[in-house]
Every structure is written in structure tokens, then in C-alpha cells.
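In: quick one, structure for this:
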Amino acid sequence: MSAIEKVQPMSAGETAKALWISTVAFTLCFAVWTIFAIIGIRIKQELNLNEAEFGLLIGTPVLTGSIVRIVLGIWTGRYGGRLVYTLTMLAAALATFLLSYAHTYTQMLIAGLGVGLAGGSFAVGVAYVSPFFPAEKQGTALGIFGAGNVGAAVTKFAAPFVLIAWGWQAVAEIWAVGLALMAIVFWFTTTDDPAFRLRRERGVASKSLAQEFAPLQNVQVWRFSLYYFFAFGGFVALSLWLPRYLVGVYGFNLETAGMIAAAYSIPGSIFRAFGGVLSDKKGARSVMYAMFAVSAVATLILSLPATAITPVIFIVVIFVLGFFMSLGKAAVYKHIPAYYPDSVGAVGGIVGMMGGLGGFILPIAFGLLKDMTGLWSSCFLLLFAIVAISLIWMHLSVKQLSRQGHSAPVAAT
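Out: Residues are numbered from 1 along each chain as shown. I've put the predicted structure just below:
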């Protein structure tokens with residue numbers, strides 16, 4: 001029996017507060033994490049950056065937020081999500097405020113590493129929220145929490161207007177203050193998660209690092225990581241890249257491009273909660289099949305030369321892609337507490353790290369492909385290749401499990 005299963009049931013009010021306060025906090029963290037999607041365009045103009053340099057700039061926070069996830073996930077299990085979440089937000093807020101004082105490209109990159117700490121909050125939130133809920137409701141709960149991805153839309157809606165009125169430095173400072181205030185609210189309105197409280201009350205010793213990382217020897221964890229590399233990493237990459245794509249291909253101004261990219265981010269975030277509900281009711285595997293099938297068709301269409309796709313068709317298809325990515329993000333994380341209930345922090349951290357790395361690597365790859373081929377649509381051809389590989393690997397794995405007669409946890413079938 002896992003530690004989570006031994007926890008006494010919590011009151012409805014306590015579980016709801018933990019979920020919704022964590023979700024609001026993650027929304028602000030995500031807004032900070034994607035801040036370069038807007039201010040990066042102005043910085044690109046000021047520093048005269050090429051596409052690859054721009055891709056590195058907007059991807060640097062994603063790198064930090066990815067790598068740090070596994071460490072934060074483990075720390076959450078050891079020290080409790082309430083403490084780790086609060087400290088993570090405060091550290092990210094400080095780095096974001098200092099960003100406004102950066103003047104050179106190198107200084108921007110260094111500051112971006114600190115801003116990226118906001119992205120690590122996802123691993124903390126998953127490990128903190130999941131013990132509040134029984135297994136049959138964790139997909140829905142984690143889907144609601146993950147809907148905090150809508151923070152990307154908050155940045156894309158609001159940041160262009162703040163930038164035009166007061167400059168990109170004001171965006172960094174205002175976002176930093178907002179995150180710091182949220183950290184204070186989180187600390188004073190939440191309690192430790194039940195699993196951490198139980199371990200503390202019973203004096204249960206923390207796992208050794210070898211025990212923490214033991215599940216990572218399972219190839220299945222890395223298969224889940226590839227799924228999340230596309231579903232989440234692709235979502236983040238497109239959230240960051242879309243304003244630049246719309247400006248470069250269709251000649252939209254920054255405000256319009258930001259609004260469209262924000263509109264893409266909203267369904268791609270909010271419907272993650274719907275994906276969690278579907279994963280609870282229909283099974284995460286079925287949701288994954290649907291996500292990969294539709295994504296393959298969408299990315300193949302978008303891989304056509306940009307001149308062959310009108311702005312209306314592009315926007316419709318990209319919205320469909322974002323919707324199904326949101327379902328897939330929830331489905332991947334439904335698997336983790338179902339298969340690894342005692343290692344949610346470590347496994348969730350590594351899967352989140354790989355997804356975050358997708359958000360770092362893909363924008364750079366998009367820029368490099370554009371520089372090398374001159375084709376804007378080359379980014380979608382890359383995404384199609386990732387989808388195809390993921391779908392084939394998943395299908396072969398499912399068939400192998402069926403031949404061997406292995407049964408998956410009911411919640412993840």
C-alpha cells in the first residue's frame with residue numbers, strides 16, 4: 001500500500017483550497033515563465049538578434065524550469081510542497097525583477113535562467129496536489145492544476161499593452177511583484193499536503209537518492225517523457241514562437257500577434273482540465289491515441305508552405321492542435337500516480353523536465369530550421385516527425401503488453 005493510500009480522507013474544503021490556490025499560483029508562475037514570448041520580440045529588435053539567438057533567448061527560462069523540475073519534485077517529497085512552492089515563487093520573482101536591469105544579450109540569458117525557476121513550480125504542484133485526492137479523481141485534479149498553463153495567455157494578452165505604454169522593463173517588474181505577492185498568499189492560505197504530514201508525524205525517513213531515482217530505470221518512464229516532450233514541450237514552444245511566426249509570415253503587428261497567440265494558449269490550457277476528466281472516465285491511453293492522431297493530421301497540414309495556407313486556415317488548425325495537445329498533457333500525467341504512486345515527485349519531475357526541455361529545444365530548432373531552409377513551416381514538419389515516432393512507439397508498446405497479458409492500472413488504460 002502506498003503512502004498516498006494510507007492518508008486519511010481530507011475535508012472537501014481543504015482539498016478544494018489546496019487545488020485552487022495551487023492552480024492560481026501556477027498560472028502566475030507560467031505567466032512569468034513565458035514572459036520572453038512578448039518582451040523577447042522587443043529585445044530582439046533592440047539587440048539585433050538573429051532567429052537562432054532569439055530562439056535561445058526565449059528558450060533559456062524553459063531550460064532552467066525543465067532541469068530544476070526533478071530536483072524540486074524530490075524536495076517536495078522531503079520538505080513539503082507548501083515550503084518548496086513558496087520559495088520557488090520568491091526566487092523566480094527576484095530573478096524576474098532583476099531582468100529589468102539587464103542590458104546585454106549575455107545578461108539577458110543569465111537573468112532568463114533565474115526567470116525559468118517559475119517553470120519548475122509544475123513539478124512541485126503535481127507532487128503537492130495529488131495526495132489530496134484519491135486515484136479515481138487525480139486525473140481531474142491534475143488537469144485542473146495544469147490548466148494554469150493559461151498563464152501564457154495572461155502574458156500574451158496583457159504584456160504587449162504594458163510594453164507599449166512603459167517599456168519591456170515594466171513588464172518584468174510588474175510580473176515579478178505579482179508573483180512575489182502570490183507566494184505570500186500561498187504560504188498563508190495553504191497547509192502541508194496529507195502525505196507529507198503523515199510522513200512527518202510517523203517520522204518516516206526520506207528515501208535515498210537511489211530509491212528516488214529507481215523508477216527512472218523503467219523504459220516506460222522515458223516513453224511517457226517523449227509523449228510530454230510533444231504535448232507540453234510543443235505547446236510551450238508554439239506559445240513562444242507563434243507571435244514571431246505570425247509577424248514574419250502574415251505581417252501582423254505585435255499586438256495582434258500577441259492576441260492570437262494568447263487565444264491559442266487559452267484552449268490549450270483550460271481544456272487540460274477536460275483532458276483530466278476524460279482520462280478518469282475513458283482512460284488515459286484512449287485520450288493519448290486521439291491526441292496523437294489529430295496532432296499528426298494538424299502538423300502535416302501546417303507543414304505545407306506557409307504561402308499555401310491562409311491566415312484563417314492557419315489559425316483554425318493551430319487552435320485544433322492546441323486543444324488536443326491540452327488533452328494529451330493531462331493524459332500523460334494521469335499515468336504517473338497510477339503507475340508510480342510512491343514516486344510521483346521523481347517520476348513527475350523527470351517527465352516534466354523532458355516536457356520542459358521540449359519547450360527549450362524546439363524554439364531553438366525552429367529558429368535553426370528557419371535560418372537553414374528559409375521555410376517558416378519547417379517547424380511543423382519537425383513536430384509531425386515527433387508525433388509519428390511517439391504514436392508508433394506507443395502502439396507497439398501497447399501491443400507488446402497485450403501479447404504478454406500484462407494489465408495496466410485501471411485508471412491508466
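
In: would you list every one of the helices in the stretch 101-250 of the chain?
Out: 105-115, 121-129, 135-146, 151-166, 168-189, 194-202, 209-213, 219-250 (DSSP state H, counting those that start in this stretch).

In: ranking these by mean pLDDT, which is last?
Out: If those are sorted by mean pLDDT, helix 209-213 sits at the bottom with a mean of 67.

In: about what we covered before: mind putting the helices of the stretch 101-250 of the chain into JSON lines with mean neighbour count and distance to W75?
Out: (Glycine included, C-beta is placed from N, CA and C.) JSON lines is the format used below for the helices of the stretch 101-250 of the chain (neighbours: other C-beta atoms under 10 Å; distance: least, C-beta to C-beta, whole Å):
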{"stretch": "helix 105-115", "mean neighbour count": "19", "distance to W75": "18"}
{"stretch": "helix 121-129", "mean neighbour count": "30", "distance to W75": "8"}
{"stretch": "helix 135-146", "mean neighbour count": "24", "distance to W75": "18"}
{"stretch": "helix 151-166", "mean neighbour count": "21", "distance to W75": "22"}
{"stretch": "helix 168-189", "mean neighbour count": "19", "distance to W75": "16"}
{"stretch": "helix 194-202", "mean neighbour count": "17", "distance to W75": "11"}
{"stretch": "helix 209-213", "mean neighbour count": "13", "distance to W75": "11"}
{"stretch": "helix 219-250", "mean neighbour count": "23", "distance to W75": "19"}
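
In: quick check: E53 touching Y105?
Out: Yes - using C-beta atoms under 8 Å, E53 is in contact with Y105, at 7.0 Å.

In: average pLDDT for whichever strand or helix holds Q400?
Out: Assigned by DSSP states H and E, Q400 belongs to helix 378-404. Helix 378-404 comes out with an average pLDDT of 89.

In: for that helix, which positions count as buried?
Out: Judged by neighbour count (16 or more other C-beta atoms under 10 Å), helix 378-404 contains these buried residues: S378, C379, F380, L381, L382, L383, F384, I386, V387, S390, L391, M394.

In: and these as CSV, adding distance to A195?
Out: Listed next are the buried residues of helix 378-404 as CSV, based on distance: C-beta to C-beta, whole Å:
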residue, distance to A195
S378, 45
C379, 41
F380, 41
L381, 44
L382, 39
L383, 37
F384, 40
I386, 34
V387, 35
S390, 31
L391, 34
M394, 30
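
In: from those residues, which single one is nearest V24?
Out: If you rank these by distance to V24 using C-beta to C-beta, L383 comes first, at 30.4 Å.

In: show me the contacts for the spatially most central residue of the chain.
Out: Nearest to the mean C-alpha position of the chain, by C-alpha atoms, centre = their mean, lies F232 at 5.1 Å. Contacts for F232 (C-beta atoms under 8 Å, 6 or more residues apart in numbering) come out as M325, K329, V332, G352, G355, G356, G358, G359.

In: now do the helix or strand where the fourth one lies: which elements does it pack against?
Out: What it means is G352. In this assignment (DSSP H and E), G352 forms part of helix 344-373. Under the contact definition 3 or more C-beta pairs under 8 Å, 6 or more residues apart in numbering; DSSP states H and E, helix 344-373 sits against helix 51-79, helix 121-129, helix 209-213, helix 219-250, helix 311-339, helix 378-404.

In: identify each buried residue in that helix, please.
Out: Quick answer for helix 344-373 (16+ other C-beta under 10 Å): 344-370.

In: now the angle from it to helix 194-202?
Out: Taking axes from the mean of the first three to the mean of the last three C-alpha atoms, to 10 degrees, one finds helix 344-373 and helix 194-202 inclined to each other by 140 degrees.
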